[in-house]
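Chemist: heads up, no residue letters with this:
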């Protein structure tokens, strides 16, 4: 796997270039690749931390670290994405490991809740998450809720 440079910042600390790279990657994956028209700007970003993984100066991995009370009663990890150019290289696994560790560092070691795309269930289970809901539709994509309990 290529070397990844990680940065984690609160929304107000993001530079315009960092924010643009985040928006660009989120649009590339969630809107274009997944052919999903949805409102990505959901007014939660301002209350979250943003984990960015750079490879050779380009944003290759990203997740949004959400404090408890913003989306769920538990802290959460959302908008988990890797650039199509780095898939199958271990970057997604590294991103989840970093995301979980950063959540524990930022919000204390407690339960994490996620809304996961159903096809990634086994991926998230490999990090200790367990399915806690029936399958539901979110923007035309099957999802499930999952918890990583302490």
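Modeler: Ah, there it is. Here the structure is a predicted model, which means the values were calculated and not measured.

Chemist: Residue 94: neighbouring residues, count only.
Modeler: Residues near residue 94, counting by other Cβ atoms under 10 Å, number 19. All C-beta atoms are positioned from the backbone trio N, CA, C, and that covers glycine.

Chemist: can I assume it sits in a helix?
Modeler: Yes - with DSSP: H, G, I helix; E, B strand; the rest coil as the criterion, residue 94 is assigned to a helix.

Chemist: What are the boundaries of the helices in this structure?
Modeler: Counting by DSSP state H, the chain has helices at residues 16-26, 91-107, 121-125.

Chemist: Deepest in the core, which of these is it.
Modeler: helix 91-107 (a mean of 18; mean count of other Cβ atoms under 10 Å).

Chemist: low-scoring stretches of the chain, by residue?
Modeler: 1, 30-40 (pLDDT under 70).

Chemist: Residue 92: what's it in contact with?
Modeler: Residue 92 sits next to 61, 80, 82, 123 when contact means Cβ atoms under 8 Å, 6 or more residues apart in numbering.

Chemist: Distance of it relative to residue 47?
Modeler: 25 Å (Cβ to Cβ, to the nearest Å).

Chemist: same question, residue 55
Modeler: For residue 55, the distance to residue 47 - Cβ to Cβ - is 28 Å.

Chemist: More neighbours: those two, which one.
Modeler: Taking neighbours as other Cβ under 10 Å, residue 55 and residue 47 compare with residue 55 leading, 18 against 14.

Chemist: Against residue 64, how distant is the nearest residue to the more buried one once chain neighbours are set aside?
Modeler: In this structure, residue 55 finds its nearest non-sequential neighbour in residue 2, 5.0 Å apart by Cβ to Cβ, 6 or more residues apart in numbering. Distance, residue 2 to residue 64, using Cβ to Cβ: 23 Å.
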